[in-house]
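> Model the following, please.
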Amino acid sequence: MFDLGETLLNFNLEGKWRETLKNEVIPRMFTALLSQSKEFNQKRVDPNLFSETVYKYIAVDGKEKKKVSMISRIKKYFEFFGIPQYATYIQSQIAAFASTMQERVKIYPEVRETLEWLSEQEYTLGMWSDTPWQCPGSLIEQYMRKYNIRKYFDVALFSGDREDKKPNPEVFQMVLDVAGKKKDQMVYIGNSKKDILTSKRFGIPIIWIDRIEAVHNLSEDTPQPDYIINSLIDLKDLLPID
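This is a model prediction of the structure:
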């Protein structure tokens, strides 16, 4: 089972998510709403007020609030501004949000070759990926299809659709349930400290891909990964795990 962001696809926003949301994404959402909603247009909302309000609802803080889907968050600021919660308006906001990522996301060079090899070896491939600000999984799957890798996955679940996130270990059980596999058949491949923590809590091995040699940055309260690789192609030498 794989993570997606910075494991298979590089979103080129590491450490810049909030900055990009404020400076690039929300202005596009404002423009999209102006062009589509006559109700919003008539209100003549100050762009700065819109930015502050949308940021508050999208980039929420708090453990439980962070699990709430982006669609629910959009509905909250629609309610604040008195905008009808039409599906077309909501989808337009999601599309505007997605446009910034579309310009940045790239695939790591060894990903297709590795997934093709795993498929040839008849591994069942699954995915659990937390999505940026709990955006819908359909949006993330667009990027997977763009780079022709969605076809390799038997199961792909996303936090924005399930309103849950890592490091809750139960998210991995969701993937197992859909895949019809047992826990002792699973290994997780990810890139973050949260991936390590979730795998350890669930009781499965974690293969940690460390492209930037970040292992020395692991804090004392983060368990050590079971295996460390520097490229996904190294899975050919590592698998199967006994």
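> which SS class is the residue of the chain most remote from its centre?
Largest separation from the mean C-alpha position in the chain: Gln42, at 35.0 Å (C-alpha atoms, centre = their mean). Secondary structure, DSSP: H, G, I helix; E, B strand; the rest coil: Gln42 is helix.
> Number the residues from 4 up from this point.
Fine by me, first position is 4 from now on; the one you just mentioned is Gln45.
> if I look at it, how far off is Gln96?
Counting by C-beta to C-beta, to the nearest Å, the gap from Gln45 to Gln96 is 18 Å. Every C-beta, even on glycine, is put in place using the N, C-alpha and C of the backbone.
> domain assignment for this protein?
Following automatic domain parsing, the chain resolves into domains at 20-105, 109-241.
> So for Gly8, which of those sits nearest?
Across the domains of the chain, Gly8 has its closest neighbour in domain 109-241 (6.5 Å, C-beta to C-beta).
> Mind jotting down where the strands sit in this structure?
12-13, 109-110, 129-132, 158-161, 191-193, 209-212, 230-232 (DSSP state E).
> Go through the ones you listed and name the closest to Cys138.
strand 158-161 (8.4 Å).
> Give me the packing partners of the closest one, helices and strands only.
strand 129-132, helix 140-149, helix 173-182 (3 or more C-beta pairs under 8 Å, 6 or more residues apart in numbering; DSSP states H and E).
> Tell me where the model's unsure across this structure.
16, 18, 217-220 (pLDDT under 70).
> which residues of it fall in helices?
20-23, 29-39, 41-46, 50-61, 73-84, 90-105, 114-123, 140-149, 162-165, 173-182, 196-205, 238-241 (DSSP state H).
> what would those look like in TSV with distance to Trp211?
TSV is the format used below for the helices of the chain (distance: least, C-beta to C-beta, whole Å):
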stretch	distance to Trp211
helix 20-23	21
helix 29-39	33
helix 41-46	45
helix 50-61	29
helix 73-84	28
helix 90-105	24
helix 114-123	15
helix 140-149	21
helix 162-165	20
helix 173-182	16
helix 196-205	6
helix 238-241	11
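> and of those, who's closest to Met130?
helix 173-182 (7.4 Å).
> The closest one vs helix 196-205, what angle?
If you take axes from the mean of the first three to the mean of the last three C-alpha atoms, to 10 degrees, helix 173-182 sits at 70 degrees to helix 196-205.
> and helix 173-182, which residues are buried?
174-175, 177-179, 182 (16 or more other C-beta atoms under 10 Å).
> Stretch 49-60 now?
With burial defined by 16+ other C-beta under 10 Å, the residues of stretch 49-60 counted as buried are 53-54, 56-58, 60.
> nearest to Trp131, of the helices of the chain?
Taking C-beta to C-beta, helix 173-182 is the member of the helices of the chain nearest to Trp131, at 5.2 Å.
> Would you mind pulling up the elements that that closest one packs against?
Applying 3+ C-beta pairs under 8 Å, 6+ apart, one finds that helix 173-182 makes contact with strand 129-132, strand 158-161, helix 162-165, helix 196-205.
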